[in-house]
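**Q** structure for the following, please:
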Amino acid sequence: QRQIRSLKTMARFLVLIALAGFSLAHAQLTDSRLPISLDADFLDTDIDSNMMTFRGLRLNLGLMSIEADTGRASKLDFNDSVWQLAGNVSIVVEDGRIDCEAANLEFDNNQLRVASISGEPARIELARADGDITTYAEAEILRYDLEAEAIEFSGNAKIIEGCNQIASGFLVYNIRERRIQAQGSEGDDGKVKITFSPSDEECE
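**A** Purely as a prediction, here's the structure:
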């Protein structure tokens, strides 16, 4: 009976891994009528290159809000633009947030297509809608490709929910195939490490 509970707990944990940080999928700007607002402490525009540089950037895109010490954008709209953010970057969506040192966000047709996030480490926090459980994830580099429906964690990747944890040098979640692949790193004896509790009571 205890073994069955352990397997069920592990299965639930792997599902939560799939959800961790993937709240970006809900930050799509599929409706161009969603409110978009931007303010900054400083703006410099290069007319020839059409490149804009911001300091003290605060950006709201529908349900997603972004703050960063500095930001660079190839366009002021989100039809076809790349936003480069650096310094105390915070990306907040309806059910979670990302804190990192730098992020590149590629938009096309008012939708976020690719998000490349880095930090020492970059951190993701995701609250589950059906309860008060929060899942945490961190890695030195995270890359979310919405078209490929895949998210990559690399560099001391770690995902934690309660007292359950998976750690590896490299981790990929394929959303379309519902498949998780993890690979250890040389600095961690080349092992993928999973720690889980067979019962919720042990985490209280």
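**Q** now do the buried residues in stretch 102-111.
**A** The neighbour-count criterion (16 or more other Cβ atoms under 10 Å) identifies 102, 103, 104, 105, 106, 107, 110, 111 as the buried residues of stretch 102-111. C-beta: built from backbone N, CA, C; applies to glycine.
**Q** out of those residues, which are inside strands?
**A** Among the buried residues of stretch 102-111, the members falling in strands (DSSP state E) are 102, 103, 104, 105, 106, 107, 111.
**Q** list just the nearest of those to residue 124.
**A** The nearest member of those to residue 124, counting by Cβ to Cβ, is residue 103 at 11.8 Å.
**Q** can you pull the contacts of that closest one?
**A** Residues near residue 103 by Cβ atoms under 8 Å, 6 or more residues apart in numbering: 68, 83, 84, 85, 89, 91, 115, 116, 117, 118.
**Q** and the ones in strands among the buried residues of stretch 102-111 as JSON lines, adding pLDDT and distance to residue 63?
**A** Listed next are these as JSON lines, based on pLDDT from 0 to 100; distance: Cβ to Cβ, whole Å:
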{"residue": "102", "pLDDT": "96", "distance to residue 63": "23"}
{"residue": "103", "pLDDT": "93", "distance to residue 63": "17"}
{"residue": "104", "pLDDT": "93", "distance to residue 63": "21"}
{"residue": "105", "pLDDT": "89", "distance to residue 63": "15"}
{"residue": "106", "pLDDT": "88", "distance to residue 63": "19"}
{"residue": "107", "pLDDT": "84", "distance to residue 63": "15"}
{"residue": "111", "pLDDT": "77", "distance to residue 63": "13"}
